[in-house]
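[1] What follows is a protein structure lacking sequence information:
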């Protein structure tokens, strides 16, 4: 699986979901209780609300050249492949469809998916001028 997040291979579902995420982030920016959150935190919050998770998220510390967050670098190969596959599905079948599939997996996979895709989506939203 590639280590690069390639928006060039995106589909209409991804584009639609990206616009929806941008809309959700703008809503968070207008709410007093979430106004102090960073854009990546707002993106992650929108994804988590779309796919609720009963487990607290671990701290993220990954390198920029990997899709996986730092804590997931030592995960089993099957978990790594599953998270990377979910990220590819987000590009091909839509962000929220992949998030829903991640929700049906283990809480660890869901957290890793949320953490892995949040930063990449933030970069893409900024690059497209969809965030303030």
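    The structure has been received and is ready for your questions. The shown structure was predicted, so the numbers you read here are calculated from the model rather than taken from an experiment.

[2] among the helices and strands of this protein, which has the poorest mean pLDDT?
    Every helix and strand in the chain was compared by mean pLDDT, DSSP states H and E; the lowest is helix 39-50, with a mean of 83.

[3] residues making contact with that one?
    Helix 39-50 is contacted from outside by 21, 24-25, 28-29, 34, 37, 57, 95-96, 99-100, 114-115, 117-119, 121-122, 125-126, 131, using C-beta atoms under 8 Å, 6 or more residues apart in numbering. (Glycine included, C-beta is placed from N, CA and C.)

[4] got the contact list for the residue most central in space within the chain?
    Centroid-nearest residue in the chain: residue 117, 2.8 Å away (criterion: C-alpha atoms, centre = their mean). Listed by C-beta under 8 Å, 6+ apart, the contact partners of residue 117 are 47, 87, 90, 95, 98.

[5] Tell me which two of the residues you listed sit farthest apart.
    Farthest-apart pair in the contacts of residue 117 is 47 and 87; separation 12.1 Å (C-beta to C-beta).

[6] Is it possible to get a markdown table of the contacts of residue 117 that adds secondary structure, distance to residue 105 and neighbour count?
    Listed next are these as a markdown table, based on DSSP: H, G, I helix; E, B strand; the rest coil; distance: C-beta to C-beta, whole Å; neighbours: other C-beta atoms under 10 Å:
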| residue | secondary structure | distance to residue 105 | neighbour count |
| --- | --- | --- | --- |
| 47 | helix | 14 | 26 |
| 87 | helix | 13 | 23 |
| 90 | helix | 14 | 29 |
| 95 | helix | 16 | 26 |
| 98 | helix | 11 | 25 |
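
[7] Tabulate those residues in JSON lines, adding columns for distance to residue 67.
    Below are the contacts of residue 117 laid out as JSON lines (distance: C-beta to C-beta, whole Å):
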{"residue": "47", "distance to residue 67": "15"}
{"residue": "87", "distance to residue 67": "5"}
{"residue": "90", "distance to residue 67": "11"}
{"residue": "95", "distance to residue 67": "14"}
{"residue": "98", "distance to residue 67": "13"}
